[in-house]
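[1] model this:
(chains A and B)
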Number of protein chains: 2
Amino acid sequence: MAAVTTQAKRADARRNIEAIVDAATALLAVNPDASVQDIAKAAGVGRVTLYGHFDSRTALITEVATRAIAQTEESLRDLDLSGDPREAMAQLLDATWQLTHRFGAIVVAAGQALPPDELRRAHEGPAKRVRALLRRGRQEQKFRADMPVEWQITTIQAVLHAASGAVHRGEIAAADAPRLVTGTVLGALAAPAGS
Amino acid sequence: MAAVTTQAKRADARRNIEAIVDAATALLAVNPDASVQDIAKAAGVGRVTLYGHFDSRTALITEVATRAIAQTEESLRDLDLSGDPREAMAQLLDATWQLTHRFGAIVVAAGQALPPDELRRAHEGPAKRVRALLRRGRQEQKFRADMPVEWQITTIQAVLHAASGAVHRGEIAAADAPRLVTGTVLGALAAPAGS
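    All right, here's what the predicted structure looks like:
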């Protein structure tokens, strides 16, 4: 009987965790400042239950962001990036932007709540794909090779996040973002004129 | 007598505020996670006194960042940016980077603690100078004009902050940062090949 009760409690806990993460994802996608109270309410659990599963708002946002990045990773896995490196990069940026934008204010919330090291770790999967493409583009002399690849990856992430923030603040239209991101990144990666 | 006492209290409060802000600037420049407790201790005041002047760690960091940006602004005011726009931009980026780097981890602390709108407002002064230079560079056809100027300013700030974070995490050497920032930004601003 004790075993069954424990199992039932675990199933309950799992359901609560899923409800909390789903509610947090939905609310944070619209408002990066969504409170723990609002999230608990939308999940149909009490604040005490929420804090029983997540120590802090930051812990909850870490889980939401980690899942968003995992979903992004899954969606990007099937892209064919074997063509011209500049075109492949444009395609990858476009797809990444669409996902960044779909998760909306979660990107803003994660940028505010998570320490940079944590953000960096969460991006390790997507970074691998970019790294491989940057290396191939260098070999084919389509991308400048006078900068560390890791710096170029950092730049690409910074530009994507900057675009997400700019759309969120209403500075640029979401529809313009893919063109601006791609143009800016391809410019930053191009060999300088006269070199 | 009452007036004198009030005046003395005010002078005391001012001294405490200066001591707190100086201590916070010194500690945050080394460690973006410096605690309110450590800052109060270094300032020689109690936590209660600190919280009497600053409602929260965020309020204190806002003050530190606002002053750092004002100092940056003062240092940049005398730059001669009248020459070739690309060279002027390189010079401006170099000077801005040196200041960003001098304030070290404060940039990281501010990025973590302040909401994006607040960060944006704090950058309004430096942004004006960049905006004027971007406009002149467009007129002289040295910078691409197929993107909003405000987006280009956002990109420049994102690249500077990304470099600060990368140096802080040990990914790039501080000595390499000016070259990487300038190369990346000038690439992003250049008219695309074949246009």
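[2] what mean pLDDT would you report for stretch A:74-82?
    Taken as a whole, stretch A:74-82 has a mean pLDDT of 88.
[3] Can you measure across it, start residue to end residue?
    18 Å (Cα to Cα, to the nearest Å).
[4] got the contact list for that stretch?
    Residues outside stretch A:74-82 that contact it (Cβ atoms under 8 Å, 6 or more residues apart in numbering or on different chains) are A:88, A:91-92, A:95-96, A:99, A:126, A:129, A:133. Yep, even glycine has a C-beta here, placed from its N, CA and C like the rest.
[5] Let's have the residues you listed in a markdown table, adding neighbour count, distance to B:Q139 and secondary structure.
    Putting those into a markdown table (neighbours: other Cβ atoms under 10 Å in any protein chain shown; distance: Cβ to Cβ, whole Å; DSSP: H, G, I helix; E, B strand; the rest coil) gives the following:
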| residue | neighbour count | distance to B:Q139 | secondary structure |
| --- | --- | --- | --- |
| A:A88 | 18 | 35 | helix |
| A:Q91 | 17 | 34 | helix |
| A:L92 | 20 | 34 | helix |
| A:A95 | 17 | 36 | helix |
| A:T96 | 22 | 34 | helix |
| A:L99 | 19 | 37 | helix |
| A:P126 | 20 | 38 | helix |
| A:R129 | 16 | 39 | helix |
| A:L133 | 19 | 36 | helix |
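[6] Quick one: name the residues of chain A near chain B.
    Counting by Cβ under 8 Å from any Cβ of the partner chain, chain A comes close to chain B at A:33, A:108, A:111-112, A:115-117, A:120, A:144, A:146-148, A:150-151, A:154-155, A:157-159, A:161-162, A:165-166, A:168-169, A:171-172, A:180, A:183-190, A:192-193.
[7] tell me the contacts of A:A191?
    A:141, A:143-144.
[8] One more pass at 7 Å, please.
    Residues near A:A191 by Cβ atoms under 7 Å, 6 or more residues apart in numbering or on different chains: A:R144.
[9] give me phi/psi at it?
    Dihedral pair for A:A191: phi -60, psi 140, per degrees, to the nearest 10.
[10] What confidence value was assigned to it?
    We have a pLDDT of 82 for A:A191.
[11] likewise A:A2?
    Reading off the model, A:A2 has pLDDT 59.
[12] Tell me who's in contact with A:E87.
    Per Cβ under 7 Å, 6+ apart, neighbours of A:E87: none.
[13] mind giving me the domain ranges of chain A?
    A:1-54, A:62-195 (automatic domain parsing).
[14] The nearest residue to A:V107 once chain neighbours are set aside in helix, strand or coil?
    Sequence neighbours aside, A:S164 is the residue nearest to A:V107 in space, at 4.4 Å (criterion: Cβ to Cβ, 6 or more residues apart in numbering or on different chains). When classified by DSSP: H, G, I helix; E, B strand; the rest coil, A:S164 comes out as helix.
[15] and the gap between A:S164 and chain B?
    When distance is defined by Cβ to the nearest Cβ, to the nearest Å, A:S164 is 10 Å away from chain B.
[16] Nearest spatial neighbour of the residue nearest to the spatial centre of chain A, chain-adjacent residues omitted?
    The geometric centre of chain A, computed from its C-alpha atoms, lies nearest to A:I69 (Cα atoms, centre = their mean), at 4.6 Å. Leaving aside its sequence neighbours, A:I69 sits nearest to A:A122 (Cβ to Cβ, 6+ apart; 5.0 Å).
[17] tell me the contacts of the one you found?
    Taking Cβ under 7 Å, 6+ apart, we find A:A122 in contact with A:65-66, A:69.
[18] can you rerun that using 10 Å?
    A:A122 makes contacts with A:62, A:65-70, A:110, A:114, as judged by Cβ atoms under 10 Å, 6 or more residues apart in numbering or on different chains.
[19] Which pair of those spans the longest distance?
    Across the contacts of A:A122, the two members that end up farthest from each other (Cβ to Cβ) are A:A70 and A:L114, 15.3 Å apart.
[20] what about those two, which has more around it?
    Comparing A:A70 with A:L114 by other Cβ atoms under 10 Å in any protein chain shown, the one with more neighbours is A:L114, at 19 against 12.
[21] Right, I'll leave it there.
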